[in-house]
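**Q** sequence plus the predicted model coming up.
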Amino acid sequence: MRSQLSPSLLLACTLLIAAAGGCQSAEPDQPNVVLIYADDLGYGDLSSYGATQLRTPHLDTLARQGLRFTRAYATAATCTPSRYSLLTGRYAFRKEGASILPGDAGLVIDTSRTTLASMLHDAGYATGIIGKWHLGLGRDSVNWNERIAPGPLELGFNRSFIVPATNDRVPTVYLKGHHVYNLSESDPPLRVRYDEKIGDLPTGESHPEKLHYPADPQHSGTIVNGISRIGWMEGGQSAWWSDGEMARTLTRRAQRFIEDRQDRPFFLYLPLQDVHVPRWPAEEFRGTSGTGLRGDAIKEVDWVVGQIRATLRRLDLAEKTLVLFTSDNGPVYDDGYDDGAVADANGHEANGPLRGGKYQSFEGGTRVPFIAHWPGHIEADVPSDALFSQVDLLATLAELTGASLPDSAGPDSTPLPGVLRGTTEQGRAHLVQQGVGKLALRRGDWKYIPAGNYPDWAFKKHNEPESPIATPMPPSDQALLYNLADDPDESTSVIDQHPAVAKDMAALLDTLRKRPVPARQTPAP
């Protein structure tokens, strides 16, 4: 909610205390909130969303016992912008620099801005982030051997244990609070460069024989755990992570956070490193999916969800906890490493029936799995066709938890508590989808993509090199209009048949670029 209880209601409560022995607040009970955020997981990657070549039993159970969205979206087709929007309730294209960040970037969220964490912290929640960050750290250059700030702790999180950027970038270390975790003073100083090679450690370019699998030139920097990375690093080896242990490390810390905070409302943000490259899940998952390392990493995601849910049940917190599961953007198979993702897919299509994937403005780039589970508050086994965006979580969780949200916060966030609880399918009327260098607009069943110089790969039907192109690629300088009710895989543009619709949507998109437009106040055509 965007205001506190009214003075008259507070006065009434005060007067009733003596007579009734207490006062019932108009705010709802505060549920715990666990937000599990997968990385590069596609709309068709879960068996509850149609996958047949691999099974995800824990996530299938979560969906069966909760609400499964069919039209839920990340705001962008890449990681940093989606994470920015998720936490701030603000489209990332409004923030200069909120694009895919290098590993040594400064913090991209202004510390004065309200975030999910700061809002819930102010409402009395214990708040923690455990997992991938990728929103920058510090102000300018980072010295990895000293205190690193600002970061999550300056944005409302009480506890922070993070992967600073992505698992394919140096430094391959965790950050606990303001410092690199497990960094020994006896180690040489940890140094990181992206512009030139430093040190004499093996790289993917100089020692390809040391790799689990080959990498492209961009990913052929310093080798860690048999995998070369973007950038170069030396020193601080006591702090380097083990890729095969990452999921277990993050899960154990998430479980500990829940155990330590079980006696008060808590918000746990658990952004996973899977299924982002490089894919090297724990040995127990390798070879289990039947769809190669990428599928094995999805099995690892499913295991994490099972572990978190088991912890909530063990502590008798399941009915007190809203569990949300989703992904930061759509899927990609070949993203810098020759890890067999394409050859071993065994017919699995990560984006299901959708066109496109990571980096792209098509549906497969931003429409993602989204599951909401809250026993006794969300009806079980319910699908929802409501249009919902991750940018709405800020305002929606304010309503569900009774937290106060300033009027200036979350300018693009629409409060949709009924949608999240499954009591209505009256969702957003429009949402912006951000691809690399390109915005698109969905309004009702219409999808508009403005003209631009798209690379050829942007028009593959699926984001897989071996998949056939369903229809000839349209000219890259031509605007596109799709009716998703009739053409869910965006195969045929109907802009010539509906020029008025395209003109109207182009005008709305132009307006949205300049300022927020309340999503519930713009009727669908």
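**A** It's in.
**Q** point out where this protein drops to low pLDDT.
**A** Counting by pLDDT under 70, the ranges of the chain that qualify are 1-28, 453-476, 520-525.
**Q** tell me the domain ranges of it?
**A** Partitioning the chain according to automatic domain parsing yields domains covering residues 32-190+235-421, 430-521.
**Q** closest one to Pro214 among those?
**A** Using CB to CB as the criterion, the shortest distance between Pro214 and the domains of the chain is 4.5 Å, found for domain 32-190+235-421. C-betas here are computed from N, CA, C, even on glycine.
**Q** so how far is Gly365 from Tyr482?
**A** 14 Å (CB to CB, to the nearest Å).
**Q** those two: which is more packed in?
**A** More neighbours surround Gly365 than the other of Tyr482 and Gly365, with 34 against 25 (other CB atoms under 10 Å).
**Q** Three-state assignment for that one, please.
**A** helix (DSSP: H, G, I helix; E, B strand; the rest coil).
**Q** from here on, call the first residue 337.
**A** From this message on, residue numbering opens at 337, which makes the last subject Gly701.
**Q** just give the closest residue to it, not the sequence neighbours.
**A** Computed as CB to CB, 6 or more residues apart in numbering, the closest residue to Gly701 that is not its neighbour in sequence is Ala413, at 3.3 Å.
**Q** count the neighbours of that neighbour for me.
**A** Summarising burial for Ala413: neighbours were counted as other CB under 10 Å, giving 29.
**Q** that one contacts Gly773, doesn't it?
**A** No. Counting by CB atoms under 8 Å, Ala413 sits too far from Gly773 to count as a contact (10.6 Å).
**Q** ok, which stretches of this structure are helices?
**A** With DSSP state H as the criterion, the chain has helices at 343-356, 393-400, 415-424, 452-458, 582-596, 628-650, 699-702, 729-737, 753-757, 835-850.
**Q** what is the neighbour count of the nearest residue to Pro500 once chain neighbours are set aside?
**A** With CB to CB, 6+ apart as the criterion, Pro500 has its nearest non-adjacent residue at 5.4 Å, and that residue is Leu511. When neighbours are defined as other CB under 10 Å, Leu511 has 23 of them.
**Q** go on, Thr447?
**A** Here the neighbour count serves as a burial measure; for Thr447 (other CB under 10 Å) it reads 14.
**Q** what sits against it?
**A** Under the criterion of CB atoms under 8 Å, 6 or more residues apart in numbering, the contact partners of Thr447 comprise Pro486, Glu490, Leu491.
**Q** of those residues, buried ones?
**A** By neighbour count, with 16 or more other CB atoms under 10 Å, the contacts of Thr447 hold Pro486, Glu490, Leu491 as buried.
**Q** distance to Arg565 added to those, as JSON lines?
**A** Written out in JSON lines, the entries for these read as follows (distance: CB to CB, whole Å):
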{"residue": "Pro486", "distance to Arg565": "25"}
{"residue": "Glu490", "distance to Arg565": "27"}
{"residue": "Leu491", "distance to Arg565": "26"}
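**Q** which member of those is positioned nearest Ser556?
**A** Where these are concerned, and distances follow CB to CB, Ser556 has its nearest neighbour in Pro486, at 32.2 Å.
**Q** surely the closest one meets Arg475?
**A** Yes. Counting by CB under 8 Å, a contact exists between Pro486 and Arg475, whose distance comes to 7.3 Å.
**Q** now do the shared contacts for the two.
**A** Looking at what touches both Pro486 and Arg475 (by CB under 8 Å, 6+ apart), the common residues are Leu443.
**Q** okay, the helices of the chain, which one's buried deepest?
**A** Using mean count of other CB atoms under 10 Å, the stretch among these with the greatest mean number of neighbours is helix 699-702 (a mean of 32).
**Q** give me the buried positions along stretch 650-661.
**A** The neighbour-count criterion (16+ other CB under 10 Å) identifies Leu653, Ala654, Lys656, Thr657, Leu658, Val659, Leu660, Phe661 as the buried residues of stretch 650-661.
**Q** and the nearest residue to His394 once chain neighbours are set aside, how far from Asp396?
**A** Of all residues not flanking His394 in the chain, Gly642 sits nearest, at 3.6 Å (CB to CB, 6+ apart). Applying CB to CB, one obtains 11 Å for the distance of Gly642 from Asp396.
**Q** repeat for Pro614
**A** Per CB to CB, Pro614 is found 27 Å from Asp396.
**Q** how many neighbours does the closest residue in space to His514 that isn't next to it in sequence have?
**A** If you skip the residues right next to it in sequence, His514 has Arg483 as its closest partner in space, 4.7 Å away by CB to CB, 6+ apart. The burial metric for Arg483, expressed as a neighbour count using other CB under 10 Å, is 9.
**Q** what about Arg483, distance to Asp599?
**A** Here the distance between Arg483 and Asp599 works out to 31 Å (CB to CB).
**Q** what's near enough to touch the residue nearest to Pro500?
**A** Shown in contact with Leu511 (CB under 8 Å, 6+ apart): Trp469, Leu473, Ile484, Gly487, Ser496, Phe497, Ile498, Val499, Pro500, Tyr517.
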